[in-house]
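1. need a structure here:
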Amino acid sequence: MIGLKMKLGLFILALAIILHFGCSDHAQEHGALHIHKPLRGGILYELGKHGSGHNLELVTNENGQLELFILDAHAENYLRISQKQIDLQILETNDTSNIIPLHAIADAATGETIGNTSLFRSDSSLADLLPLNGSLKLLTIGSISYENTPIQFPGNPKP
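-> Residues are numbered from 1 along each chain as shown. Presented below is the predicted three-dimensional model:
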């Protein structure tokens, strides 16, 4: 009988540890180590409530073009969306000509198409605009819309 109580106690202790240090707001509030890593080596931006929202990864490619990837709540998987363009407004001025379109990119290797993709890219290099201070005007992922999402992108992290 003592062995059964001890096993039950160990099980409850293990469960408590898992729940305490798992991916949750509670774990973050109390300083538990929980890190989401960018899939492409860029900068991650969390959208919505941790663990139930979405993530964006921003990175510049070898041509200096800004690439924006739509990721799931834990930044582990790419999420395809139907949007064909995401407008990025540069916030140094209120001039509407400072809107940079990020176009949906098709990829035959992954089967992604315009209207069913996780990747958006600027037409030209944005290297001269770095560090970038902007706002994503409207981003719709499934039934959730994010409006005027602030983005501060210093450029790719140093390796």
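2. Quick check: buried residues in stretch 140-156?
-> By neighbour count on 16 or more other Cβ atoms under 10 Å, the buried set for stretch 140-156 is 141, 146, 149, 151, 153, 155, 156. In short, each C-beta sits where N, CA and C put it, glycine included.
3. want to throw the residues you listed into CSV with distance to residue 134?
-> Formatted as CSV, the buried residues of stretch 140-156 follow (distance: Cβ to Cβ, whole Å):
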residue, distance to residue 134
141, 19
146, 14
149, 9
151, 5
153, 8
155, 13
156, 16
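4. out of these, which are inside helices?
-> Judged by DSSP state H, the buried residues of stretch 140-156 include no members of helices.
5. and which of the residues you listed is nearest residue 101?
-> Checking the buried residues of stretch 140-156 against residue 101 by Cβ to Cβ gives residue 151 as the nearest, at 14.4 Å.
6. residue contacts, that closest one?
-> The neighbourhood of residue 151, defined by Cβ atoms under 8 Å, 6 or more residues apart in numbering, consists of 45, 56, 58, 88, 132, 133, 134, 135, 136.
7. From residue 74, how far off is it?
-> In this view, residue 151 and residue 74 are 20 Å apart by Cβ to Cβ, to the nearest Å.
8. pLDDT-wise, which helix or strand of the protein ranks last?
-> None of the helices or strands of the chain scores lower by mean pLDDT, DSSP states H and E than helix 25-29, at a mean of 43.
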